[in-house]
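Engineer: What follows is a predicted structure for the sequence shown.
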Amino acid sequence: MLENPSLVAAALDSLDDVFYVYDTDAKLVAWNRRLNDVFDTTDAELRGTHAEEFFIEADRERVREAVAEVFDEGETTVEARVKTAGPVVRFQLSGHRLVDDDGRVAGFSGIGRDVTENHEQAVRLSLQNERLESFANVVSHDLRNPLQVAIGLVDVERRDRDSDRLDRVADALDRMDRIVSDVLTVAREGSDLEDPTSVALAVVARDAWETVDTGAATLDVRTQTAVEGDPDRLDRLFANCFRNAVEHGSTNPRSQAPEDAVEHGSTSSRPEADDAVEHGGDGLTVSVVDTERGFAIEDDGVGIPVDDRERVFDAGVSRSSDGTGFGLDIVRTVAEAHGWTVTVGESETGGAAFEFDLGLVEPSADDD
């Protein structure tokens with residue numbers, strides 16, 4: 001089939017990308033129909049055009065260097081802008097050296113792909129990140145500093161005299177401080193990971209548990225997953241999930257007896273169960289478990305209503321009157337910075353289950 005020249009030409013003409021072949025002088029000798037469409041020109045006008053002539057003056061030196069590289073190294077990739085029949089378009093161009101039957105260099109071929117939209121999105125994202133960082137700096141300095149002064153002054157007044165009004169002011173200031181902290185976290189957690197390291201989820205989960213006021217809750221760790229990530233950000237991810245479970249996952253509605261609740265948290269047929277469970281007393285059990293696609297943080301509490309599951313990750317949404325509404329938004333932001341997705345569902349016991357998809361390949365039937 002490939003010996004039919006007209007069939008090969010038809011296949012190349014069907015491509016959305018530009019295909020081209022240049023000789024050893026970097027002059028165009030073959031191309032697909034897409035190149036005609038981009039420049040709205042005829043075959044006669046295209047034939048023999050030097051590679052750099054298609055591009056705007058500012059990018060021609062970059063193209064010349066790429067042409068030299070493909071002849072010297074065998075391949076190259078470069079981005080450059082072309083003045084088309086319409087607006088200026090940015091192309092990502094590849095080049096692969098061609099050798100004839102005698103082993104002599106005959107030219108090079110390649111593909112040109114329009115990446116204008118991708119580039120513009122990257123520029124917009126960069127500007128958004130700059131504005132977000134500027135916003136974070138304003139929040140950190142212009143809001144937090146006077147807030148800390150106010151908290152300090154109220155604390156001094158409360159030591160000198162008892163006052164319900166001062167107590168209410170102190171509570172309001174503390175909540176404002178938590179909101180500011182969470183806003184800063186959201187603003188900064190979404191940046192790309194600069195230096196990811198290998199992180200054992202079991203270790204970071206236990207460490208995060210120690211930083212949360214877990215009351216009578218119990219941690220049950222059943223994961224052997226290790227990921228490439230930022231340990232500090234993952235600590236905050238787990239801490240916020242744990243805090244959400246403890247604050248909202250009351251086990252009162254469960255029908256099981258208190259003895260069963262204690263047994264669930266402290267006894268297991270699994271090896272090394274004593275090492276896997278961090279005890280906080282009778283009550284809620286929070287579990288970290290492996291899944292086919294990653295891992296999940298589950299509890300055996302009352303769960304999250306189906307109608308609320310789409311909203312829990314939204315900034316400012318809280319299921320308690322004194323919550324900041326940023327805890328689970330931080331969880332999603334950290335997950336996305338690692339390239340993961342997170343969804344909320346229901347655990348086997350009817351509690352909440354935060355399921356993290358790490359993009360792992362699901363095992364096939366042949367693996368059984």
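Structural biologist: Arrived safely.
Engineer: Residue 60: which element?
Structural biologist: Element membership for residue 60 (DSSP states H and E) is helix 60-73.
Engineer: What average pLDDT does that helix get?
Structural biologist: Averaged across helix 60-73, the pLDDT comes to 96.
Engineer: Check which residues of that helix are buried.
Structural biologist: Using 16 or more other CB atoms under 10 Å as the burial criterion, the residues of helix 60-73 that qualify are 60, 63, 66-67, 69-70. The way it works is simple: take the backbone N, C-alpha and C, and place the C-beta from them, glycine included.
Engineer: Check whether residue 216 sits in a helix, strand or coil.
Structural biologist: Look at residue 216: counting by DSSP: H, G, I helix; E, B strand; the rest coil, its state is coil.
Engineer: how close does it sit to residue 148?
Structural biologist: Distance, residue 216 to residue 148, by CB to CB, to the nearest Å: 33 Å.
Engineer: Closest one to residue 21 out of the buried residues of helix 60-73, please.
Structural biologist: Relative to residue 21, the closest of those is residue 70; by CB to CB it sits at 12.1 Å.
Engineer: Next up, the contacts around that closest one.
Structural biologist: When contacts are counted by CB atoms under 8 Å, 6 or more residues apart in numbering, residue 70 is found next to 76, 95-97, 108, 110.
Engineer: Of these, just the buried ones, PyMOL syntax please.
Structural biologist: Only the buried entries of the contacts of residue 70 go into this PyMOL selection, using 16+ other CB under 10 Å:
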select buried, resi 76+95+97+108+110
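Engineer: Among the contacts of residue 70, name the ones in strands.
Structural biologist: Among the contacts of residue 70, DSSP state E puts 76, 95-97, 108, 110 in strands.
Engineer: now, which of those sits nearest residue 29?
Structural biologist: Minimum distance to residue 29 across these is 10.6 Å, recorded for residue 108 (CB to CB).
Engineer: Give me the neighbour count for residue 78.
Structural biologist: Other residues near residue 78 number 20, with proximity taken as other CB atoms under 10 Å.
Engineer: Isn't it up against residue 93?
Structural biologist: Yes: using CB atoms under 8 Å, residue 78 is in contact with residue 93, at 5.4 Å.
Engineer: Could you pull out the residues contacting both of these two?
Structural biologist: Taking CB under 8 Å, 6+ apart as the contact rule, residue 78 and residue 93 both touch 63, 66.
Engineer: So what touches stretch 144-155?
Structural biologist: Identification of contacts with stretch 144-155 by CB under 8 Å, 6+ apart yields 166, 169-170, 173-174, 176-177, 180.
Engineer: in this protein, which ranges drop under the pLDDT threshold?
Structural biologist: For the chain, applying pLDDT under 70 flags the ranges 1-3, 129, 132, 135, 139-140, 182, 186-192, 249-282, 315-325, 360-368.
Engineer: State which helix of it is the longest.
Structural biologist: Determined from DSSP state H, the single longest helix within the chain is helix 164-189.
Engineer: what packs against that helix?
Structural biologist: helix 116-138, helix 144-160, helix 231-248, helix 327-337 (3 or more CB pairs under 8 Å, 6 or more residues apart in numbering; DSSP states H and E).
Engineer: Against residue 309, how distant is residue 93?
Structural biologist: Relative to residue 309, residue 93 is positioned 46 Å away (CB to CB).
Engineer: Between the two, point out the one with more neighbours.
Structural biologist: Neighbour count, other CB under 10 Å: between residue 93 and residue 309, residue 93 has more, with 24 against 15.
Engineer: How about the more buried one: what's its closest non-neighbour residue?
Structural biologist: Closest residue to residue 93 apart from its sequence neighbours, by CB to CB, 6 or more residues apart in numbering: residue 112 at 4.7 Å.
Engineer: what's the burial count for the residue nearest to residue 173 when sequence neighbours are not counted?
Structural biologist: Spatial nearest neighbour of residue 173, excluding adjacent residues (CB to CB, 6+ apart): residue 151 at 4.9 Å. Applying other CB under 10 Å, we find 16 residues neighbouring residue 151.
Engineer: With residue 45 instead?
Structural biologist: For residue 45, the count of nearby residues is 11 (other CB under 10 Å).
Engineer: swap in residue 202?
Structural biologist: Residue 202 has 19 nearby residues by other CB under 10 Å.
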